[in-house]
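pasting the structure only:
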DNA sequence: AACGGGAGCAACCGCTATCCG
DNA sequence: ACGGATAGCGGTTGCTCCCGT
């Protein structure tokens, strides 16, 4: 049996897909995701596009390690609200529910393991126990990938990993290219924005071929907005 | 140098809520 | 009031990278 519908793409997003999505959202807004997915020419579901935008591409997002203040706030709000990640995220500007959820899972799991070791101290070292006690009453400092749990290496490795994670961030580049003209907020600026990035949205063939059909289906309001 | 394990995170899945005709 | 479409949310999975051995 041959499937009539083309299979939707899944898995990690490429840089080009990101740029296509960013431009499409700039043009059409971040509400009707099925429409955005269709217009963008990405072979993704609206749901997938929304998630990518919300968790990674949204211009207001902070990327990188949680600050001690943020960590403290997460802990505080989680005790208050439990696993209401989106609610917690609203109190942390630039952070997504997914990010906070992931953070909580990894860091709290670690903390839970440490607690467990305190309760059954048969194999625990004294330094680890001391660290765990500190963690119970103070914010969690830089316990990221590669961090050790004892002594000053925590601080240095945190700084280094923060730096390296910032360096390797392709979206910064994309946004620096996109942001400036887009801030003007005009349709012209938006067009310039999209033509300035190194691809054509989404592909010449798509716009030539698909656009009449897409515009045909558009609502009056959207067409008016586009005309503006 | 090779390998296994763990951490971190992006993305998917399934369910619920909300909107709209 | 109802049903379909869409958005949002929380849980889970799977991939990649790093570190210790």
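Great, that's in hand. In this text, all values refer to a predicted model and were calculated from it rather than measured experimentally.

and chain A, which residues reach DNA strand C?
A:11-12, A:31-35, A:46-47, A:50-51, A:54, A:83-87, A:97-98, A:101-102, A:105, A:145-146, A:148, A:157, A:164 (Cβ under 7 Å from any atom of the strand). Glycine gets a C-beta too; all of them are placed from N, C-alpha and C.

so which of those reach DNA strand B?
When Cβ under 7 Å from any atom of the strand is applied, the members of these adjacent to DNA strand B are A:11, A:12, A:47, A:51, A:98, A:101, A:102, A:105, A:145.

which secondary structure elements does the helix or strand in which residue A:16 is found sit against?
Using DSSP states H and E, residue A:16 sits within helix A:15-28. In terms of contacts (3 or more Cβ pairs under 8 Å, 6 or more residues apart in numbering; DSSP states H and E), helix A:15-28 is packed against helix A:33-40, helix A:46-52, helix A:170-182, helix A:187-196.

report the buried members of the residues of chain A next to DNA strand C.
Among the residues of chain A next to DNA strand C, those buried by neighbour count (16 or more other Cβ atoms under 10 Å) are A:33, A:35, A:46, A:50, A:51, A:54, A:85, A:97, A:157.

shouldn't residue A:70 be in contact with residue A:99?
No: between residue A:70 and residue A:99 there is no contact under Cβ atoms under 8 Å: 10.0 Å.

list the buried residues in stretch A:57-64.
In stretch A:57-64, counting by 16+ other Cβ under 10 Å, buried: A:57, A:61.

perfect, that will be all.
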